[in-house]
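>>> what's the 3D shape of this:
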Amino acid sequence: MPHVQLKIEDEAAPDFAPGVVEILNSAFAPENPTPAREAAQAIDALCIEDYEKNGTASSTLWWFWDLIHDLARQVPYDSPEQDRLAAVIQALHDLPPKTVNLGEDWGLGSQNPVEIWTKFPMFGNTLYDKLNGDNDSRAPGEVQKKERRVNMQAYAARVAGLGLVPFETYAIWALVDALEGTMTPIRGAPDEVNEDPAAVEDISYKVKAAAMWIIHGGHLLYGRDEEVTGATAGPLWRLPKKEANKLRRKFRGTDGLCPLRWQLWKERFAVIRDTDALDAVTRKQAGDAYAAMDKVEKSQGA
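Predicted coordinates:
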């Protein structure tokens, strides 16, 4: 796999962007890479310098995380550089606590203190925008745009799997898109649930993204039974209308995470792994996700 060399793609990138890119490229170097902790300390220094210049941290942190999410698109989802990027972010989190002021735009007054790397303020806001906005204008074509979206999902899954940010909603979205079926229109009759994974648009990209969430975050999803705000559901998780009316609920289980849904996802990965209708890479990704689910179950005493 070719070595990743990050570059600035956005003309509106912050002034500290070249420094961040240089630090990360040094951490990605195939020989004598900068250790994650040293890279994190250098990034921290750049951000603190920008914060002190501005007087408040909201702009610094917004543009920093927006930049990092953008750069993550350039890193192949299965590359060692993905792991190194996650290691640098973990190292930022592990730095000694340091309090900054977000400013009045993000609080009830001009003084709004937060610890800059402890809970990663602005990480979630900017990630939401990136994952929900189809704004990757630097991708030269639709295929590359889809590949880069998988890269960003893989990066988000790695960071979330380290326990650094809340991530359940993003994971569910990816798993629903890949695994919970589609609806086939039937003329003169109700639409029909289609369980064929080959019927899912862009299934190969969606399976890669879903597999990343399981491989890197499955240990934090398994064994839970709770509603998740913003969760979606595919037709295989929704109850048929008559049954839903009778039971007075819309879903086969919890509208979020539960053991029954975990089992559905695992069964669907097995279906994709074993089908001849999809390419070998997609089937392998599904098989890897299934194996990861098995591993989580065994490690947690299932």
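>>> contacts only, for residue 95.
Shown in contact with residue 95 (Cβ atoms under 8 Å, 6 or more residues apart in numbering): 40, 41, 44, 117. Backbone N, C-alpha and C define where each C-beta goes, glycine included.
>>> repeat that for 6 Å
Going by Cβ atoms under 6 Å, 6 or more residues apart in numbering, residue 95 touches 44, 117.
>>> likewise residue 192?
By Cβ under 6 Å, 6+ apart, the contact set of residue 192 is 184, 186.
>>> now residue 276: how far from residue 282?
Residue 276 sits at a distance of 12 Å from residue 282 (criterion: Cβ to Cβ, to the nearest Å).
>>> which one of those two has more residues nearby?
Comparing residue 276 with residue 282 by other Cβ atoms under 10 Å, the one with more neighbours is residue 282, at 23 against 6.
>>> give me the pLDDT value at that one.
Per-residue pLDDT puts residue 282 at 96.
>>> so which helix or strand takes in the residue nearest the centre of the chain?
Of all residues in the chain, the one closest to the mean position by Cα atoms, centre = their mean is residue 156, 3.1 Å from it. Residue 156 belongs to helix 142-161 when assigned by DSSP states H and E.
>>> what sits up against that helix?
72-73, 75, 77, 82, 86, 89, 136, 139, 167, 205, 208-209, 212-213, 216-217.
>>> which members of those residues are positioned in strands?
Using DSSP state E, no member of those falls within strands.
>>> what residues go with each domain of the protein?
Here the domain parsing of the chain from automatic domain parsing is 1-142, 167-302.
>>> tabulate those domains (CSV), appending distance to residue 160.
Shown next, in CSV, are the domains of the chain (distance: least, Cβ to Cβ, whole Å):
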stretch, distance to residue 160
domain 1-142, 9
domain 167-302, 3
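>>> ranking these by mean pLDDT, which is last?
domain 1-142 (a mean of 89).
>>> which residues in this protein form helices?
Taking DSSP state H as the test, the helices found in the chain are 17-27, 36-54, 58-72, 80-93, 123-132, 142-161, 168-179, 203-221, 241-247, 259-274, 280-299.
>>> which of those helices sits closest to residue 8?
Comparing those by their distance to residue 8 (Cβ to Cβ), the top pick is helix 17-27, with 5.3 Å.
>>> before we move on, the earlier item: tell me the buried residues in the helix holding residue 156?
Using 16 or more other Cβ atoms under 10 Å as the burial criterion, the residues of helix 142-161 that qualify are 145-161.
>>> can you check stretch 116-123 too?
116, 117, 120, 121, 122, 123.
>>> of those, closest to residue 6?
Using Cβ to Cβ, residue 123 is the member of those that lies nearest residue 6, at 18.6 Å.
>>> quick revisit: want to try CSV for the helices of the chain, with distance to residue 231 as columns?
Formatted as CSV, these follow (distance: least, Cβ to Cβ, whole Å):
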stretch, distance to residue 231
helix 17-27, 33
helix 36-54, 33
helix 58-72, 22
helix 80-93, 25
helix 123-132, 15
helix 142-161, 15
helix 168-179, 5
helix 203-221, 12
helix 241-247, 16
helix 259-274, 10
helix 280-299, 19
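>>> out of those, which gets nearest to residue 186?
Nearest of these (Cβ to Cβ): helix 241-247, 14.7 Å.
>>> other residues contacting the closest one?
Outside helix 241-247, the residues within contact range by Cβ under 6 Å, 6+ apart are residue 250.
>>> span of stretch 86-103 from start to end?
Stretch 86-103 has an end-to-end distance of 28 Å (criterion: Cα to Cα, to the nearest Å).
>>> how about stretch 68-86?
End residues of stretch 68-86 are separated by 11 Å (Cα to Cα).
>>> surely residue 56 is in contact with residue 103?
Yes: if you go by Cβ atoms under 6 Å, residue 56 and residue 103 touch, sitting 3.1 Å apart.
>>> common neighbours of those two, please.
Between them, residue 56 and residue 103 share no contacting residue, judged by Cβ under 6 Å, 6+ apart.
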